[in-house]
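**Q** next one to model:
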Amino acid sequence: MNTIESGINAGRLIFNNLYINEELEDFLNDLSLYQYEYDESRAEFKKTPKHDWTSHYADSYRYLATIFEHLIKTEVIPDKEYMHPVDIDIFELDDEDEEENIELNPY
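**A** Prediction:
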């Protein structure tokens, strides 16, 4: 599946989970006009969507959906007490702390 198709599928998957403000009515109408071009000679739709003015709206929504899909798949950092690296005085570590691997990067 190419990137455009996967983005379109991601948009379909998240659509029911979105809160859409009334101010975006024009955006939704324009998005609904995004379509695949019909090939008369083959009597079928082409495999890629038609590129026209609605593509810009569809692209922005596709990017949102792709980012959203990425965010929900991201591993959540468990709640733990975080100590900023500046707050750790490396000169006051005792032998026990030196043996442990102290992770300073919370990400």
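**Q** show me the shaky parts of the protein.
**A** 1-2, 69, 73-107 (pLDDT under 70).
**Q** show me the helices in it, by range?
**A** With helices called from DSSP state H, the chain shows them at 3-14, 25-32, 54-73, 95-99.
**Q** using JSON lines, lay out these together with mean neighbour count.
**A** Where you see a C-beta, it was placed from the backbone N, CA and C, and this is true even at glycine. Formatted as JSON lines, the helices of the chain follow (neighbours: other CB atoms under 10 Å):
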{"stretch": "helix 3-14", "mean neighbour count": "15"}
{"stretch": "helix 25-32", "mean neighbour count": "12"}
{"stretch": "helix 54-73", "mean neighbour count": "15"}
{"stretch": "helix 95-99", "mean neighbour count": "8"}
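**Q** so which of those comes closest to Glu44?
**A** helix 3-14 (16.0 Å; CB to CB).
**Q** dump the helices of the chain to TSV, plus distance to Tyr38.
**A** As requested, these are exported to TSV (distance: least, CB to CB, whole Å):
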stretch	distance to Tyr38
helix 3-14	17
helix 25-32	17
helix 54-73	15
helix 95-99	68
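**Q** which of the ones you listed sits closest to Ala43?
**A** Here helix 3-14 is closest among these (CB to CB), at 21.4 Å.
**Q** identify the residues contacting the closest one?
**A** Helix 3-14 is contacted from outside by 1, 48-49, 58, 61-66, 68-69, using CB atoms under 8 Å, 6 or more residues apart in numbering.
**Q** mind giving me the packing neighbours of the lengthiest strand in the chain?
**A** Longest strand in the chain by number of residues (criterion: DSSP state E): strand 44-49. Strand 44-49 sits against helix 3-14, strand 36-39, with contacts defined as 3 or more CB pairs under 8 Å, 6 or more residues apart in numbering; DSSP states H and E.
**Q** please redo it, this time with the cut-off set to 6 Å
**A** Contacts defined by 3 or more CB pairs under 6 Å, 6 or more residues apart in numbering; DSSP states H and E place strand 44-49 against strand 36-39.
**Q** so which elements touch the strand it packs on?
**A** strand 44-49.
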